[in-house]
Every structure is written in C-alpha cells, then in structure tokens.
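K.L.:
For reference, the sequence and a predicted model appear below.
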Amino acid sequence: MIIVTGSARGIGKHLFEHFPEDEVLGIYHQTSPANPRSNSHKLDIGCEREVDLFFKEHGPRLSNIVLINCAGISYNSAAHKADLAQWKKVVEINLFATFNLIRNVLPIMRKDNYGRIINFSSVVAQRGAAGTSAYAASKSALWGLAKAIAVENGSRNITINNINLGYCETGMIEQVPDPAKEEILRQIPCHSLCPMTDLIKTVEYIMATPYLNGSSIDLNGGLF
C-alpha cells in the first residue's frame, strides 16, 4: 500500500491521483480534498495520539508499505523578527510529524521485510534563502534522519530516501508572487520549473531501487 500524506493539494494530490485507487491511501489534514475518495483519510499528523490511533486501527490491514511524506508547511520571516511559536510549528510538522509517521510504519515494514520511505527535502536547505530559516532547518534535518534509519533497517529491505526538490510547477510555488517567480526562473539554469512528470519518475525510481538507501536526490534543474 502506498501512503501519501498531504494528499489534498499540491504535490501530494498529484501523487495520490497518479497511483491506482486500490493501491494508495491518502492522508490530509487542514485542506480537505475537493472530491474526497473512499481511500482518503483526515488525520492531524501533528497529533501524536491521533497518528498512533490511526495506525492502531488501520495497521493490521496494511502491508508492503510505501510511505511518501508530502505534507509540510512553511513560515517566512527573517530570523531576528521570527515568531518562535510559528517557527516551532514548522519543525513540528515537517520533522516531528514526519518522524512520527515513519515510527508507526516501521514495525509493519520490519514484519514484512519490505518498506520504502520517501521524504521531500528542499533546495532551500542547500543554498540558503532569506526568511526560510524554519523551513530550511526542518528540511535539512531529514538528511540525517534518513541516514540513521537506513542503517537501522537496511537489512530488512527497508529504504528511506529524500528528494531535495527545487521549484516544482505545483505546490508552494503557487503562493509565490509573479515577480518573485520570474526571479526564481531566471536563477534556474534550465529556466523552467520541475514538471510533475519528472517528480513522479523520481519517486518511482526510488521505489524500484532497493540499493538506494539513506540518500538524497537533487531534483532542481541544476539550481544550487
């Protein structure tokens, strides 16, 4: 079963709709899908108790899991002006909640001797961008997280990898004003946003490549 978080919009929605309906389970929270499907579930991934109860209920029916962590939030502010509560919320969703989902699927994966975990990190964590300290911190933490979990579970045919995504044609780029978007396109060597087809190919490559583990793939059009 392929589990996609953040399945109501953006990249998560595209991935959720890409896979056959009987092979995928979508998880959404704040944004409800326009046309909910029977395989969509509302879940506050930031609530430890809710996530634990979800896997207690659904876990026995899940096997051969591929977990694709698309859910994430951002908060833009210069560090010296940042609101600490909002800064912490970004880390709580992008890192702690991601880890809690991983923590809940790992026992099932270890029992199955199979599992694929795919996280979305960001080019923002690699090159630095003003106002993104919370987002960059939460995304760079995924690199170390993947390496540790890869070592712990590699012998069980369980892999965990990140996609260091640049600027995609869907997702958070939709919130960027046009002038800023034009500047981003100017900086990308290929002068185009990442098409969803390339992103889906990368996800499927990770799913099909058991020797790839604890790694991060740069999908950014050459932007560093």
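P.N.:
Now that the structure is in, tell me what you want to look at.
K.L.:
so how far is stretch 147-164 off the chain centroid?
P.N.:
Remark: stretch 147-164 is offset 15 Å from the chain centroid, using CA atoms, centre = their mean, to the nearest Å.
K.L.:
I'd like the distance between the closest residue to N220 other than its chain neighbours and S121.
P.N.:
The spatially closest residue to N220, leaving aside those adjacent along the chain, is G166, at 3.0 Å (CB to CB, 6 or more residues apart in numbering). C-beta: built from backbone N, CA, C; applies to glycine. Distance of G166 to S121, computed by CB to CB, to the nearest Å: 11 Å.
K.L.:
any idea how far the nearest residue to C194 once chain neighbours are set aside lies from G6?
P.N.:
Nearest non-adjacent residue to C194, counting by CB to CB, 6+ apart: C168, 4.4 Å away. C168 sits at a distance of 13 Å from G6 (criterion: CB to CB).
K.L.:
all helices for this structure, in order.
P.N.:
Counting by DSSP state H, the chain has helices at residues 10-18, 48-58, 84-91, 98-112, 124-127, 133-153, 178-187, 196-207.
K.L.:
Please identify the most buried of the ones you listed.
P.N.:
Most buried of the helices of the chain, by mean neighbour count (mean count of other CB atoms under 10 Å): helix 10-18, with a mean of 22.
K.L.:
could I get that helix in CSV with only the CA atoms?
P.N.:
Presented in CSV, the C-alpha positions along helix 10-18 are these (Å, rounded to 0.1, in the frame of the first residue of the first chain):
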residue,chain,number,x,y,z
GLY,A,10,-0.1,20.3,-4.5
ILE,A,11,2.5,17.5,-5.0
GLY,A,12,0.7,15.1,-2.6
LYS,A,13,-2.5,15.4,-4.5
HIS,A,14,-0.8,14.7,-7.9
LEU,A,15,1.0,11.7,-6.4
PHE,A,16,-2.2,10.4,-4.7
GLU,A,17,-4.1,10.6,-8.0
HIS,A,18,-1.3,9.1,-10.0
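K.L.:
Let me see the mean pLDDT of that helix.
P.N.:
Mean pLDDT, computed over helix 10-18, is 96.
K.L.:
Looking at C168 and G6, which is more packed in?
P.N.:
Remark: of C168 and G6, G6 carries more neighbours, 27 against 21, as counted by other CB atoms under 10 Å.
K.L.:
how close does the more buried one get to P177?
P.N.:
For G6 relative to P177 (CB to CB), the value is 23 Å.
K.L.:
on contacts alone, who are the packing partners of the lowest-mean-pLDDT helix or strand in the chain?
P.N.:
The helix or strand of the chain with the lowest confidence, counting by mean pLDDT, DSSP states H and E, is helix 178-187 at a mean of 92. With contacts taken as 3 or more CB pairs under 8 Å, 6 or more residues apart in numbering; DSSP states H and E, helix 178-187 sits against no other helix or strand.
K.L.:
Touching stretch 18-25 from outside, list them.
P.N.:
With contacts defined as CB atoms under 8 Å, 6 or more residues apart in numbering, stretch 18-25 is touched by 1-4, 16, 37, 39-41, 58, 62, 200.
K.L.:
burial of the residue lying closest to A146 once chain neighbours are set aside, as a residue count?
P.N.:
Among residues not flanking A146 along the chain, I160 sits closest, at 4.7 Å (CB to CB, 6+ apart). Using other CB under 10 Å, I160 is surrounded by 29 other residues.
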